[in-house]
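*Asks:* Mind folding the following:
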Amino acid sequence: MSEVQELPIVGRTVDEVGYGSGGLWLRFWTPVSREFNLHIEGPFHLVADGATVELDPRVPDLVWFSLVGRTIDAAEADGQGSLCVRFSDGSRLNVPSYRYEAWQLEGPDGLLFVGVAGGGLAVWPVDSARRE
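*Replies:* Next up is the predicted model:
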């Protein structure tokens, strides 16, 4: 069994969803001084109301925008690099490990979590030199 790492976005609400060259991103702005960005670059699943939708972050989809306003109840990454985000409405977003970096969570002060290529989790802790 692989170790599970809780991610520091529990209790936050998705403030913005967007699309860029790398794929989907979710932004958590509140509070602004502690902003987090979740980038999803590998195939993922959105599970809601008993249905599972398989999505490709390189192909924009309107269902992504349904994530705005959802609050996170749990966010965990396992040692294989898979990500599971559970929302307060019972829905969840699952990003399995992939042949390249499937996702990354960027936080304040250099904090970074990455589901690495081929499986695994890399964590860069807060850089105290970047704190004000």
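
*Asks:* When you work out contacts or count neighbours from here on, use the C-alpha atoms and nothing else.
*Replies:* OK.

*Asks:* Give me the packing partners of the strand or helix carrying residue 39, helices and strands only.
*Replies:* With secondary structure defined by DSSP states H and E, residue 39 is part of strand 36-40. Packed against strand 36-40, as judged by 3 or more CA pairs under 8 Å, 6 or more residues apart in numbering; DSSP states H and E, are the following elements: strand 23-28, strand 103-106.

*Asks:* what does the helix or strand bottoming out on mean pLDDT in the chain contact?
*Replies:* Scoring the helices and strands of the chain by mean pLDDT, DSSP states H and E places strand 16-20 at the bottom, with a mean of 93. By CA atoms under 8 Å, 6 or more residues apart in numbering, the surrounding residues in contact with strand 16-20 are 24-28, 60, 64-65, 67-68.

*Asks:* Separate out the buried members of these.
*Replies:* Among the contacts of strand 16-20, those buried by neighbour count (16 or more other CA atoms under 10 Å) are 24-28, 64, 67.

*Asks:* now, which of those residues sits nearest residue 11?
*Replies:* In terms of CA to CA, no member of the buried ones among the contacts of strand 16-20 lies closer to residue 11 than residue 28, at 10.3 Å.
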